[in-house]
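Enquirer: please find the sequence and the predicted model below.
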Amino acid sequence: MNQDELKTQVGQAALQFVVPGEIVGVGTGSTVNKFIDALASMKDQIKGAVSSSEASTARLKALGIAVFDSNEVAELAVYIDGADEINALGHMVKGGGAALTREKIVAAQSKMFVCIADESKLVSVLGTFPLPVEVIPMASTRIMSQFAKMGGQAQIRLKDGKPWVTDNGQHILDVKGLQIQDPVAFESQVSQWPGVITVGVFAHQKAQVCLLGTSEGVKTLKF
């Protein structure tokens, strides 16, 4: 089974966590796109969604699913999103699609985070995938030097030769060479650096469940 088929499998499996009559939190990325497509099959059973990116919002609306502003919703029953890496405790690295800030906001207002991923994303230590960090542009160089002191090599993410601009109008640093042994402490530390908007370690907003697509089917991991 190829990676695309695994993503379709976990996207459909995530429907079991959608609460009828509620608003569902929806993440961003290629795996989430499979979930959004599957969600269209039960769109008449839900009120709508809160989305973590302009791209997901457009896809949801195109399928006839109402999208609410996060400020209109006090609490979400469930948030469903992918991950670039996830460990055995449900801590994740996220932000490969540059939506990490809005993803963390929606995750924070959700009672449950369900991660959907293929088995290649399960790791023993976070950090092999370059860590995304959304930053205010004027702080980029200083933040890059702070990561260098940790042994990380940070570079500005580019698109068409220019710095990638997020939905929030900011830039992304991708940091290689890190071994994140204590994700909770790491997230707390880096989040306090002036100019950091969001670090792509999701440890305070970790997953409670991971639906992992494998060649033997979907495995459910609970944390």
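Expert: Looks like it arrived, so ask away. Predicted, not measured: the structure shown is a model, and the values here were computed from it.
Enquirer: the worst-scoring helix or strand of the chain on mean pLDDT packs against which elements?
Expert: Every helix and strand in the chain was compared by mean pLDDT, DSSP states H and E; the lowest is helix 3-13, with a mean of 94. Here helix 3-13 touches helix 30-39, strand 113-118, strand 209-214, strand 217-222, going by 3 or more CB pairs under 8 Å, 6 or more residues apart in numbering; DSSP states H and E. Placement of C-beta: from N, CA and C, glycine included.
Enquirer: got the domain ranges for the chain?
Expert: Per automatic domain parsing, the structural domains of the chain span 3-123+204-222, 131-198.
Enquirer: out of these, deepest packed?
Expert: Burial of the domains of the chain is given as mean neighbour count (mean count of other CB atoms under 10 Å); domain 3-123+204-222 ranks first at a mean of 20.
Enquirer: return the distance of that one from the chain's centre.
Expert: Relative to its chain's centre, domain 3-123+204-222 lies at 8 Å (CA atoms, centre = their mean, to the nearest Å).
Enquirer: next, the most centrally placed residue in the chain: phi, psi?
Expert: Central residue of the chain (CA atoms, centre = their mean): residue 94, 4.5 Å from the mean position. Main-chain dihedrals, residue 94, degrees, to the nearest 10: phi -140, psi 160.
Enquirer: now do the end-to-end distance for stretch 175-182.
Expert: Stretch 175-182 has an end-to-end distance of 17 Å (criterion: CA to CA, to the nearest Å).
Enquirer: any idea how far residue 50 is from residue 222?
Expert: Distance, residue 50 to residue 222, by CB to CB, to the nearest Å: 24 Å.
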